[in-house]
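> Show me how the following folds:
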Amino acid sequence: FFPILTGVLLGARPASWALVINGITVAGIGILTQLNLTELLSQFNFKVWYLATHNSLEKWVVICCNFMLLNILATLSVTTILKGLHNSLQKLAVSDQKHRRIFENILDVYFETSLDGIILEVSPSVTQIFGYSPKELKGQPIYTVFTPDNKNSHLLDRLISTGHIQDHEISIAHKIGQLRICSVNARIIRDETNNPEKIIGIFRDITAQKAMVEKEKNLEERLNRSRKMEALGLLAGGVAHDLNNVLSGIVTYPELLLMDLPKESPMA
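From the prediction side, this is the model:
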């Protein structure tokens, strides 16, 4: 067990040296036995080694070689497994650190909830968008941040029945009372037996985009109204011009006739 414990605690290279020490120890005791110097071992109470004096050298060599072979195989197996496990843990730690950085710096709000809508996990970006800290929201129903007048009471039922929702717009109440328009993408996570386990998803704040779209829509409506007024103005100008051409003769010639008629004339 000495090389194995050394490999577990210190690694493969010290375990190799422990194997060398084991080999030297076995060889040294073998030499003492073959030279009938086992009295030197009596002070260590190694009575079991006296059995070796009743066996031939060939048996001793075979037993010791088998022992060292098994020792080497056991040590190499344990150290190889531990090295692989260590490398896997290192890769897992690097991956976990990478995903943790993404989770902590993502601009959208990542969330996990139970099937009944209790918030299990939420990213720190929720503070910037909704004003709540992750600690305030964990353990609370997700409807905590829904506005009272929106129609999303059946959102979870729809999600569970369809398995996912995509680009669903929802109004979120900021902690100080402001309204945020968010786009929600969410889906059901299932366990090994294909039963629904929890809900994961993303809230994306689209308040600014919606305001921009509304502003563009208003500008477009104003432009359309301006074009309509311009068309009406051109039409009115054309009609007035044509009427002027007709009315100018009707209005002008009677005035000219009045200039030649006496005031008491019935024609006046």
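> got a list of what residue 189 touches?
196-200 (CB atoms under 8 Å, 6 or more residues apart in numbering). Placement of C-beta: from N, CA and C, glycine included.
> which secondary structure elements does the top helix by length along the chain contact?
If you go by DSSP state H, the chain has its longest helix at helix 207-260. Applying 3 or more CB pairs under 8 Å, 6 or more residues apart in numbering; DSSP states H and E, we find helix 207-260 packed against strand 179-190.
> Buried by neighbour count: which residues of the strand it packs on qualify?
180-184, 186, 188 (16 or more other CB atoms under 10 Å).
> I figured residue 103 was touching residue 123, is that so?
Yes: with contacts counted by CB atoms under 8 Å, residue 103 reaches residue 123, the gap being 5.6 Å.
> which of the two has more neighbours?
Neighbours per residue (other CB atoms under 10 Å) separate residue 103 from residue 123, with residue 123 holding more: 21 against 13.
> any idea how far residue 195 is from that one?
Going from residue 123 to residue 195 by CB to CB, to the nearest Å gives 26 Å.
> Skipping adjacent residues, who's closest to residue 12 in space?
residue 79 (4.3 Å; CB to CB, 6 or more residues apart in numbering).
> Tell me who's in contact with the one you found.
7, 11-12, 15.
> any idea which of those is the one closest to residue 244?
residue 11 (106.2 Å; CB to CB).
> Let me know the helix or strand that the closest residue to the closest one other than its chain neighbours is in.
By the measure of CB to CB, 6+ apart, the closest residue to residue 11 outside its immediate chain neighbours is residue 79, 7.0 Å from it. According to DSSP states H and E, residue 79 maps onto helix 57-105.
> and for residue 103 and residue 123, which residues touch both?
Contacts common to residue 103 and residue 123, judged by CB under 8 Å, 6+ apart, are residue 110.
> Residue 67 reaches residue 26, doesn't it?
Yes: with contact defined as CB under 8 Å, residue 67 and residue 26 form a contacting pair (6.8 Å).
> Show me the shaky parts of the protein.
33, 36-57, 144-154, 156-157 (pLDDT under 70).
> Please report how far residue 90 lies from residue 84.
Counting by CB to CB, the gap from residue 90 to residue 84 is 11 Å.
> Repeat that for residue 20.
24 Å.
> One more: residue 98?
21 Å.
> Check residue 214 too.
For residue 214 relative to residue 84 (CB to CB), the value is 58 Å.
> Beta-bridge partners for the closest residue to residue 186 other than its chain neighbours, please?
Leaving out its chain neighbours, the residue that sits closest to residue 186 by CB to CB, 6+ apart is residue 201, at 2.8 Å. Beta-bridge pairing for residue 201 (DSSP bridges): residue 111, residue 186.
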